[in-house]
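Q: next one to model:
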Amino acid sequence: MKEQSIGQQDPVAGLTVFLVDDDEAIRNSLARALQKRDYRVETFASAADFLLRYDGEAPGCLILDYGMPGMNGLELQAWLARAGHDLPIIFITGHGGVPESVQAIKAGALDFLEKPFRQSVLIERIETAFAMVAEHHAARAGTERLRAKFDRLTSREMEIVSHMVSNPSETSSKEVGARLGISPRTVDHHRARILEKLQIRSVAELISMAQHFLAKG
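A: All right, here's what the predicted structure looks like:
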């Protein structure tokens, strides 16, 4: 089977199963089985091959053989973690034991399947991995939308927001104005603009939204 290249993909659609196994027969057989179920599959003969062609951005999950020559599965898992990649990993192995599986799971692997395994079990793990990816993307997209809203605020407006979050018992225009050295009317003007830009209606909503935003950094 011809090795496939990795292209740019939509962050929601087109999730890919990245399959890394040095055994060509197993690699091709498993890839065909997954493709028959309409999964997009990218195959790699080694960890080095995967690192050479993976762009670090394409979303999906990684089916990773443990016992490969050169860089083994655990070493690739560690490399990806250091590089900040969060692909869910499903280990497959014909040689691993309990210590290896424990190490892989502790390092964040989704599962450690010993060959031969039922395809139905692997499919379940892939679906779990894809659900995790979708949830992560949704959370990240929500954070980005929130950041875009707060980026519309001026420095003075952000100062008022920060004060109200830090001092939730001092949110009246008079109290905020006294702390920041501006008039209550000026605070009213800024607060109205803040609510408009953030598309909310109340100070309570503002504080809740700002706390969430600041917690996300």
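Q: burial count for the closest residue to T16 other than its chain neighbours?
A: Of all residues not flanking T16 in the chain, G60 sits nearest, at 3.6 Å (C-beta to C-beta, 6 or more residues apart in numbering). For glycine as for every other residue, the C-beta is placed from the backbone atoms N, C-alpha and C. Residues near G60, counting by other C-beta atoms under 10 Å, number 23.
Q: in what helix or strand does E42 lie?
A: Here E42 sits within strand 40-44, counting by DSSP states H and E.
Q: returning to that earlier point: separation between the residue nearest to T16 and T93?
A: The gap separating G60 from T93 is 20 Å, by C-beta to C-beta, to the nearest Å.
Q: setting aside sequence neighbours, what's the nearest residue to P69?
A: D22 is the one closest to P69 (C-beta to C-beta, 6+ apart), at 6.4 Å.
Q: for K216, same thing?
A: T143 (5.1 Å).
Q: and the one helix or strand that neighbour maps to, what does it pack against?
A: Taking DSSP H and E as the definition, T143 sits inside helix 119-150. Judged by 3 or more C-beta pairs under 8 Å, 6 or more residues apart in numbering; DSSP states H and E, the packing partners of helix 119-150 are helix 24-36, strand 60-65, strand 89-93, strand 111-114, helix 184-198, helix 203-215.
Q: next, format these as TSV and append distance to R147 and mean pLDDT.
A: Shown next, in TSV, are the helices and strands packed on helix 119-150 (distance: least, C-beta to C-beta, whole Å; pLDDT from 0 to 100):
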stretch	distance to R147	mean pLDDT
helix 24-36	36	95
strand 60-65	25	96
strand 89-93	29	93
strand 111-114	34	91
helix 184-198	12	95
helix 203-215	7	90
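Q: quick one: closest of those to S169.
A: helix 203-215 (11.0 Å; C-beta to C-beta).
Q: mind giving me the packing neighbours of the closest one?
A: In terms of contacts (3+ C-beta pairs under 8 Å, 6+ apart), helix 203-215 is packed against helix 119-150, helix 155-166, helix 184-198.
Q: contact partners of the second one?
A: Contacts with helix 155-166, where a contact means C-beta atoms under 8 Å, 6 or more residues apart in numbering, come from 150, 153, 170-171, 176, 179-180, 187, 190-191, 193-194, 197, 203, 206-207, 210-211, 214.
Q: restricted to buried residues, select those in PyMOL.
A: Buried residues among these (16 or more other C-beta atoms under 10 Å), as a PyMOL selection:
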select buried, resi 150+153+171+176+179+187+190+191+193+194+206+210
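Q: can you give me the domain boundaries for this structure?
A: Per automatic domain parsing, the domain ranges recorded for the chain read 16-138, 152-215.
Q: and those domains, which is most packed in?
A: domain 16-138 (a mean of 17; mean count of other C-beta atoms under 10 Å).
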